[in-house]
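Student: no sequence for this one, just the structure:
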C-alpha cells in the first residue's frame with residue numbers, strides 16, 4: 001500500500017499546476033502519464049533481456065527502441081506545458097514511426113500493423129475527434145506508403161504480399177471508427193454527468209442546508225458549495241477528516257455511530273451535533289463558536305453486486321438548528337421559572353395562611369370574649385391583656401400585608417424612590433428604638449456602633465428605615481435569649497456599609513443559595529417555631545437594588561449571621577442600568593466581629609437594650 005501511495009504521489013507531482021483544480025482533466029493527465037511511463041519503462045526493462053537472447057541489435061531494432069521511449073519525452077512536455085492534445089499527438093507519431101521502422105527494417109508486417117491499429121486508440125483519452133481521425137488518416141497513409149514501396153521494390157515491407165492489402169486498411173479504418181465511437185460515448189457520458197451535476201448544484205444552491213458525501217468512517221469526500229455561507233468555513237477545511245475534527249468532542253461518538261448505522265442499513269439516521277464554526281468574515285471571523293446542527297444520514301443507492309466489494313457511501317444533510325435550540329432552551333428556562341414561581345406561590349400561600357390564621361384566630365377569639373357579657377372578664381387588668389393581644393395580632397397582620405404590598409410594588413417597578421439627604425446614625429437609633437421592646441422581651445442584647453463623624457447620604461429615607469427594621473427584626477427573631485444583635489456602620493469609599501450581626505441559629509449551607517427569594521424561609525415548615533412570611537429579606541433585596549447596592553451574607557449554623565448592605569452615598573448618580581435586583585453574595589461566617597470589645601476606638605458604641 002505504501003508503494004502504491006508513493007507512486008500515486010509521484011504521478012500527481014508531474015501534473016501541470018493549471019490542471020489541478022479540474023478533477024476530470026487532472027485524472028486524464030494522470031492516466032496518460034501513468035500509461036506512457038509504464039510502457040516506456042517496461043520497454044527499457046526488457047532491453048537487457050532482448051540483448052541476452054538476440055545479441056547485438058541491428059539498426060532498425062535500435063530505432064524501434066527509440067520510438068518506444070519517445071512517450072517519456074511526451075510526458076515531460078505535458079508536465080511542463082499542460083497540453084495533453086499535443087502530448088498525445090507525439091505518442092501517435094511514435095506509434096506510426098515504430099510501425100514504419102519495423103516494416104521498413106524487414107520485421108514482421110503483422111507487428112507493424114498492430115502499431116498502426118493502436119495509433120487511433122491513443123487519441124481516445126483526449127476525447128478529441130480530430131485527433132482520432134488524424135491518427136487514423138496518418139496510420140492509413142503510412143500503410144499505403146509501405147504498400148506502394150513494397151510493390152515498386154523500393155523496400156520489402158510485406159504489406160503488398162499475400163492477403164496483407166486486404167487486412168491492413170480495413171483494420172485501420174475499423175480501429176479509427178471504434179476509437180471515434182469510444183470518444184462519442186465518453187463525451188456523452190460526461191455531458192450526462194455534467195447535467196446531473198448541474199441539477200444537484202441547483203439543488204445545493206437552493207437549500208440552506210449543507211450536503212456532504214462521506215464514507216462509512218465519516219471521511220468527507222464532497223461538500224456542497226454553500227459551506228462558507230453555512231458555517232463560515234471553506235469546503236477545504238471540512239474535507240477528509242476536517243468535518244470530524246470540527247465536531248464537538250462530546251458529540252463525535254454520536255456522529256460516527258450515525259454514519260456507521262446509515263452505511264449499514266437502508267434507513268435514514270438522525271443525530272443532533274455541535275459544529276465549530278466562524279460567525280463573521282475576514283478579521284471578524286476570529287472567535288469560533290459551536291452551532292447546533294441536525295444530521296440526517298442515509299446510504300447511497302449502491303448496486304447490490306458491489307455492496308460487498310467496496311465500502312458503502314453515505315450522504316448527509318446538516319441543518320442549522322441553533323435558533324431552535326435557543327428557543328427550546330428559552331422555553332425550558334421559562335418553564336423552570338414558571339414551575340419555581342408556582343412552587344414559591346404554594347409556599348407563599350401556605351406561609352401566609354399560617355401567618356394570617358394565627359393572629360386572626362386570636363383577634364376573633366378575644367374580641368368575642370370581650371363582646372360577650374357572660375364571658376368577658378370583670379378584672380380591668382385581664383381586659384387590658386386581651387386588648388393588648390388583639391392589638392399585637394392586628395399589628396402583625398398589618399406588617400404581613402405591608403410586606404406583601406411592598407414586595408409587589410418592588411417587583412412591578414411601582415416603588416417610587418424619593419431621594420433626599422439625611423444622616424444615617426439617627427435613623428439607626430430610631431430603628432433600634434422601634435425594635436427595642438421586642439429585643440427586651442426576647443432577652444436579646446441590642447448594640448449599635450458607628451463613627452462619631454460620618455457624612456450624610458442621599459437616598460430614600462423610608463426605604464433605608466424599612467431595610468434596617470427588616471434586618472433588625474429578623475436578627476432578633478432568630479437569636480435565642482441571652483444572645484446579641486449588633487448594628488455597625490462604616491464608610492467604604494463612595495459607599496457606606498451597614499452590617500447587622502447576630503449570635504443566633506445561623507443558616508444551613510443548602511439554604512444560603514435561596515436567600516432573598518420571595519416567600520423563602522430557611523428550614524421552613526408548617527410547624528416552624530418562628531413566625532414570618534419569608535418576605536423580609538426579599539424586600540431588603542429589592543430596596544437595596546433600587547439604590548444600586550449589594551448584599552453580603554455570612555452565616556453558619558449555630559454561629560450566627562451577619563448581613564452587610566453596601567449602599568452608594570448618592571443613589572442619584574447611578575445610571576439606570578446599575579439599579580435592579582441586588583446581588584447577594586453568601587459566605588461562611590468568618591469571625592465574631594460583633595463583640596463590642598473588638599470595636600475600634602473611633603466607634604461610638606451604645607447598648608440599646
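Tutor: Here it is on my side, so go on. Note that the structure is a prediction, hence the values are computed from the model and not measured. Residues are numbered from 1 along each chain as shown.
Student: how about low-confidence regions in the stretch 401-550 of the chain?
Tutor: Scanning the stretch 401-550 of the chain for pLDDT under 70 picks out 403, 406-407, 409-415, 510-536.
Student: please enumerate the helices of it.
Tutor: Listed in chain order, the helices of the stretch 401-550 of the chain (DSSP state H, counting those that start in this stretch) span 424-442, 461-477, 509-512, 536-546.
Student: the first one vs helix 461-477, what angle?
Tutor: Between the axis of helix 424-442 and that of helix 461-477 there is an angle of 30 degrees, by axes from the mean of the first three to the mean of the last three Cα atoms, to 10 degrees.
Student: chain center to helix 424-442, what's the gap?
Tutor: From the chain centre to the centre of helix 424-442 is a distance of 57 Å (Cα atoms, centre = their mean, to the nearest Å).
Student: go on, the second one?
Tutor: For helix 461-477, the distance from its own C-alpha centre to the chain's C-alpha centre is 48 Å (Cα atoms, centre = their mean).
Student: run through the strands of the stretch 351-500 of the chain in chain order.
Tutor: For the stretch 351-500 of the chain, applying DSSP state E, counting those that start in this stretch gives strands covering 419-422, 445-451, 457-460, 484-492, 495-502.
Student: the last one vs helix 536-546, what angle?
Tutor: Read that as strand 495-502. 170 degrees.
Student: that older thread, adding distance to residue 390 and mean neighbour count, write the strands of the stretch 351-500 of the chain out as a markdown table.
Tutor: C-beta here means a position set from N, CA and C on the backbone, and glycine is covered the same way. Shown next, in a markdown table, are the strands of the stretch 351-500 of the chain (distance: least, Cβ to Cβ, whole Å; neighbours: other Cβ atoms under 10 Å):
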| stretch | distance to residue 390 | mean neighbour count |
| --- | --- | --- |
| strand 419-422 | 35 | 14 |
| strand 445-451 | 27 | 20 |
| strand 457-460 | 33 | 22 |
| strand 484-492 | 28 | 20 |
| strand 495-502 | 30 | 22 |
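Student: which residue packs closest to residue 214, ignoring adjacent ones?
Tutor: Nearest non-adjacent residue to residue 214, counting by Cβ to Cβ, 6 or more residues apart in numbering: residue 314, 4.9 Å away.
Student: quick one: which of the helices of the stretch 401-550 of the chain is nearest residue 97?
Tutor: Closest to residue 97 of the helices of the stretch 401-550 of the chain is helix 509-512 (Cβ to Cβ; 96.4 Å).
Student: still on that earlier bit, residue 114: which of the helices of the stretch 401-550 of the chain is closest?
Tutor: Closest approach to residue 114 among the helices of the stretch 401-550 of the chain (Cβ to Cβ): helix 509-512, 94.3 Å.
Student: what kind of secondary structure is the residue nearest to residue 214 in?
Tutor: Following DSSP: H, G, I helix; E, B strand; the rest coil, we place residue 314 in the strand state.
Student: I figured it hits residue 295, correct?
Tutor: No: Residue 314 lies out of contact with residue 295 (Cβ atoms under 8 Å); the separation is 10.4 Å.
Student: helix or strand for residue 95, which one?
Tutor: For residue 95, the enclosing helix or strand under DSSP states H and E is helix 84-104.
Student: that helix packs against which elements?
Tutor: helix 23-54, helix 59-81, helix 109-122, helix 129-151 (3 or more Cβ pairs under 8 Å, 6 or more residues apart in numbering; DSSP states H and E).
Student: okay, these in a markdown table with mean pLDDT, mean neighbour count and distance to residue 239 next?
Tutor: What follows is these, written out as a markdown table (pLDDT from 0 to 100; neighbours: other Cβ atoms under 10 Å; distance: least, Cβ to Cβ, whole Å):
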| stretch | mean pLDDT | mean neighbour count | distance to residue 239 |
| --- | --- | --- | --- |
| helix 23-54 | 83 | 14 | 13 |
| helix 59-81 | 85 | 17 | 26 |
| helix 109-122 | 81 | 22 | 34 |
| helix 129-151 | 82 | 20 | 34 |
